[in-house]
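Engineer: Next one to model:
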Amino acid sequence: MDEDLRERLRAAAASHRPDRARMLARIERGMAEEPPARPVRAPRTPMPWLRVAGATAAVCGVLTAGAFAVTSAGQEEPKDGQRVAAGPASPGPASPSPGRGGALPAGKGPLWSDGSLDPNSNGYWAQSEVTVKTAQPLSALTVELRIALNGGVNTTGSWRSLPEQDFAASAREEDGFLVYRWTLKPGRSVPTGTHTFAGQYNHTEGVRDTGRDDYTARARAAGEQTSVGGDFTETH
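Structural biologist: A predicted model of the protein is given here:
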């Protein structure tokens with residue numbers, strides 16, 4: 001380096017006097033200023049093996065709770081210090097439900113009867129049937145089938161399963177009813193077994209109310225009078 005340049009640098013360094021007051025003022029200003037806010041770090045996510053362990057623990061907890069619920073549901077309260085498993089409840093006996101009109105078979109002595117609406121009945125025509133069952137021969141029998149005169153009822157005929165010549169039959173309107181009547185002729189008898197008496201009639205379109213229809217059967221068996229009766233149900 002040039003000796004002259006060195007001399008000038010040394011002379012400049014020797015003549016320099018730092019401004020101590022200015023330096024202190026800058027330091028004080030720097031200390032008075034608030035430090036910049038530190039950036040907020042995002043929360044650290046758990047390690048993958050920690051997530052798997054947590055999920056496994058949750059599944060185990062659910063399975064344990066489910067097993068406890070099933071075990072509790074299948075047991076009754078302790079009896080004499082022991083817990084007894086509860087079996088399925090036994091269904092109670094079902095009560096028979098009556099058919100349309102609430103009619104049920106009627107019986108008295110050797111005689112049994114039932115009233116029903118023939119399943120072939122429709123929206124314009126119907127057949128009401130009286131079934132009589134006897135355990136002994138009958139020396140007298142009168143069957144009356146009464147159809148309420150509602151819904152435009154008018155007769156279209158009648159029949160019985162016993163021989164026609166053994167009965168006097170009629171169909172007439174009486175006191176607001178269409179009455180079918182079959183009477184066993186004197187000297188004739190009805191054998192043991194099941195016998196049917198049926199009345200047929202038209203009515204206005206639709207479902208006719210049979211709530212007021214009924215029947216009676218009066219008979220003599222072994223010298224004793226007996227009778228049965230009831231109303232009608234729809235057979236299927």
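Engineer: which residues are in contact with stretch 177-189?
Structural biologist: Residues from elsewhere that reach stretch 177-189, judged by C-beta atoms under 8 Å, 6 or more residues apart in numbering: 137-149, 153-155, 158, 160, 165-173, 190, 197, 199, 201. In this view, the C-beta of every residue, glycine as well, is placed from N, C-alpha and C.
Engineer: Over to stretch 131-141?
Structural biologist: 110-116, 143, 182-184, 189-197, 217-222, 228.
Engineer: one step back: out of the contacts of stretch 177-189, which sit inside helices?
Structural biologist: Of the contacts of stretch 177-189, none are assigned to helices by DSSP state H.
Engineer: Filter those residues down to the buried ones, PyMOL style.
Structural biologist: Buried residues within these, by 16 or more other C-beta atoms under 10 Å, are selected in PyMOL with:
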select buried, resi 138+139+140+141+142+143+144+145+146+147+148+149+153+155+158+160+166+167+171+190+197+199+201
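Engineer: any chance you could map the helices in the chain?
Structural biologist: Assigned by DSSP H, the chain shows helices spanning 3-15, 20-32, 48-73.
Engineer: rank those by pLDDT, which is bottom?
Structural biologist: Lowest mean pLDDT within the helices of the chain: helix 48-73, a mean of 41.
Engineer: Strands of this protein, start to end?
Structural biologist: 106-108, 111-117, 125-134, 140-148, 154-160, 167-174, 177-184, 193-202, 214-221, 224-230, 233-234 (DSSP state E).
Engineer: neighbouring contacts of the fifth one?
Structural biologist: Taking C-beta under 8 Å, 6+ apart as the criterion, the residues outside strand 154-160 that touch it are 125, 143, 145, 167, 169, 171, 178, 180, 182, 195-203.
Engineer: how about 6 Å then?
Structural biologist: Strand 154-160 has contacts (C-beta atoms under 6 Å, 6 or more residues apart in numbering) with 171, 178, 180, 182, 197-202.
Engineer: Scan the helices and strands of this protein for the one with the lowest mean pLDDT.
Structural biologist: In the chain, no helix or strand scores lower on mean pLDDT, DSSP states H and E than helix 48-73, which sits at a mean of 41.
Engineer: Can you report how many residues lie near Ser189?
Structural biologist: 13 (other C-beta atoms under 10 Å).
Engineer: Backbone dihedrals for it, both of them.
Structural biologist: phi -140, psi 160 (degrees, to the nearest 10).
Engineer: any idea how far it lies from Arg181?
Structural biologist: Using C-beta to C-beta, to the nearest Å, we find Ser189 at a distance of 19 Å from Arg181.
Engineer: Could you tell me the end-to-end distance of stretch 192-211?
Structural biologist: Using C-alpha to C-alpha, to the nearest Å, the end-to-end distance of stretch 192-211 comes to 31 Å.
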